[in-house]
Structure formats: C-alpha cells, structure tokens
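**Q** whatever this is, show me its structure:
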Amino acid sequence: MKKLFFALSFMMMAIGIQAQMKTIQPKYQVGDHALYRYESTTTITSENPVTVKITYTEDYTVREADANGAIIDLVKKDVKVEGAEDNIMVQLMSMGQQFVDGVIFKLKTDATGKIIDIVNKDELAAHINGKAEETATQMLAKMPELAQATNKDELKEQLLEQVSAEALLNGFQNNPNIFALNGKTLMTGTVDSYENQLGMKMNRLFMVKGNQVKSSGSLNLSKDELKELILSQVPEEQAEMVRQNIDLILNSGQIKAEMKEDATYEYLDNGWVGSISVEESGDIMGQKQTGATKLTLLEHSW
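**A** The predicted structure is shown next:
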C-alpha cells in the first residue's frame, strides 16, 4: 500500500513539474508599433457551397502607456474580400470588415493588457451606421431575391449587429486576436468559458508549452438553450408546431448543433503575439461551415 501511495505521489509530482504556467501580460510602451497580416478562408456548405477569403493588414501603435494600462490605435487596412459577390451570405460576412477599413480603433487596456473599452466607440458607431444605411440600400437594389425577403431597416439591423460596440468589445476579449488571452494565467488543463463571434457559448481547454499556447473550444449549450437556438431558426408560422414537438426532434438525433475552434498562439518574449492560427468547424441544423485563419507578424518596432 505504501509503495502504491509513493508511486502515485511521484507521478503527480512529475505531472506538476511538466505542467508549465504562463501569464499573458505584455508590457506595452509608448511608440511600440506592430504590423500583422490577416488571412481567413471560410467555406459554407449548402445547396450551393461558397468559399469566402478575407485579407487585410492590422496596424497597431501604442499611443499612451502607464502602470494602469495603455491606449492602442488599431487600423485595419486594405480589406479585400474574394468570393461570390452575388451571394447574400458572402455579403453579410464581409460587410463588417469592409465597414471599418481604414478606421482607427482607440483601444483601452487595463494593467494586464486586456481590452476593457473602445475609447472612440461613439465616433465609430456614427461611421458604421452611415455605412450600414448605404450598404443596405445597395444590396437590396442589386439582389431582388433579398428585397423580397426583407426590408432596408431589417437588413441594416443585421449588418449593425456584427459591428455594434458590444460585439466589437466581445470580439477583442474572446475571439482569437492579439489581445484575447491578455490577463490570463494559464497552464495545461485550464478551462474557461466564452462567447464566440456568433454569440455561441463555448468552453475551451488550454495547453501550454513555453511561449506557445493552444486552445481547443467546443459548443456548450444546455438543452433549453439548444431548444431556443432551434426555434430561432424556424420560420414564424412553423414555430408553434416545432415548439410542441421539440423534445421529440432533439431525441431523434437528426438535429445537430456542433461547433469547434482550435487556436494556436505563438508569443514573443515581450508578450506581443508572433502568430495565431485558427481552425474552425460547425454544423448548426444542417448549415455546415469550416474556416481557417492566420495572423502573422510582418514587422515591429522593438
């Protein structure tokens, strides 16, 4: 019995020695500058599969910094979208990025580097609102089938949902980007919860090795939340019938709600990100989607 106890103790101690802990807390200094290349490819599988590729550069400059945090300017430049221009889904996916092409985001961090506010959010909202108005009008004129399904106000609201101040802040705090893990102390086996860019509740597991952090995320919905998700996708005239049979539908196993997100972060010694790579997949009620994203540091000032 003693031998077993010592063997187990030794094994647990060995695991503890190997488990590396990493605190993500970059030291931002006034004048720091970094330029990244963003590349993302998404394939939507439906009756007519479509692939969309989005590329741009992200330009970061630290304008203010002290013991309490920093103000960092972010400018997305040269946004390019490649895909089926007449596809509604492509248009909706790409508009959020195109709305902010060349626009300055003034991001405020806390002492750990976590984004806590967008300082110029009111200015951004006014700019984005104007863009959404213009875009909704153009899309309805160009796509007669879209005009039959919705009106300008409804379409404008869908476009604005992607780039609301709340959505943008959530994106900086949770979706894979250079700030996403700032302020976290991680080790292999750490688990946390977050909302992805689609507003879906996810759990993710972290693995840490030196300056590399990997995360593996998956959908985390309760049965009631899954029911609400299904009902939200059903036409209004069918909603009551589906609601009455929702348990039978779920128990049949024919309805899927799956989503995965695997990300790898490579950090530099000063806490800035050297690269991020992301693989995503999802199957929500037969709407399948896969994606791959790469963020690469091109140049920096330090």
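**Q** so how far is P49 from Q91?
**A** Distance, Q91 to P49, using C-beta to C-beta, to the nearest Å: 16 Å. Yep, even glycine has a C-beta here, placed from its N, CA and C like the rest.
**Q** those two: which is more packed in?
**A** For Q91 versus P49, neighbours defined as other C-beta atoms under 10 Å are more numerous around Q91 (23 against 10).
**Q** helix or strand for that one, just tell me which one.
**A** Per DSSP states H and E: Q91 is located in helix 88-99.
**Q** and the longest helix along the chain, what does it pack onto?
**A** Scanning the chain for the helix with the most residues, using DSSP state H, yields helix 121-142. With contacts taken as 3 or more C-beta pairs under 8 Å, 6 or more residues apart in numbering; DSSP states H and E, helix 121-142 sits against helix 88-99, helix 144-149, helix 152-162, helix 165-174.
**Q** any idea which strand is longest in the chain?
**A** In the chain, assigned by DSSP state E, the strand with the most residues is strand 50-66.
**Q** which ones are touching I230?
**A** Contact partners of I230, counting by C-beta atoms under 8 Å, 6 or more residues apart in numbering, are 242, 246, 249-250, 255, 257, 285.
**Q** in space, what's closest to E133 - neighbours in sequence excluded?
**A** K156 (6.1 Å; C-beta to C-beta, 6 or more residues apart in numbering).
**Q** and for that neighbour, the neighbour number?
**A** Neighbour count of K156, defined by other C-beta under 10 Å: 21.
**Q** repeat that for Y36.
**A** Neighbour count for Y36, taken as other C-beta under 10 Å: 25.
**Q** is Y36 bridged to anything, and to what?
**A** Per DSSP bridges, the residues bridged to Y36 are E58, L297.
**Q** mind listing what it touches?
**A** Y36 touches 57-58, 60, 178, 273, 295-298, counting by C-beta under 8 Å, 6+ apart.
**Q** for whichever strand or helix holds A292, list the C-alpha coordinates in CSV.
**A** Assigned by DSSP H and E, A292 belongs to strand 287-300. Output of strand 287-300 as CSV, limited to C-alpha atoms (Å, rounded to 0.1, in the frame of the first residue of the first chain):
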residue,chain,number,x,y,z
GLN,A,287,-25.8,24.6,-42.0
LYS,A,288,-22.2,23.5,-42.2
GLN,A,289,-19.2,25.8,-42.1
THR,A,290,-15.4,25.4,-42.0
GLY,A,291,-12.8,28.0,-41.7
ALA,A,292,-9.1,28.7,-41.3
THR,A,293,-7.5,31.9,-40.1
LYS,A,294,-3.9,33.0,-39.9
LEU,A,295,-2.5,36.2,-38.3
THR,A,296,1.2,36.8,-38.8
LEU,A,297,3.5,39.5,-37.5
LEU,A,298,5.2,41.2,-40.5
GLU,A,299,7.2,44.0,-38.8
HIS,A,300,7.6,45.6,-35.5
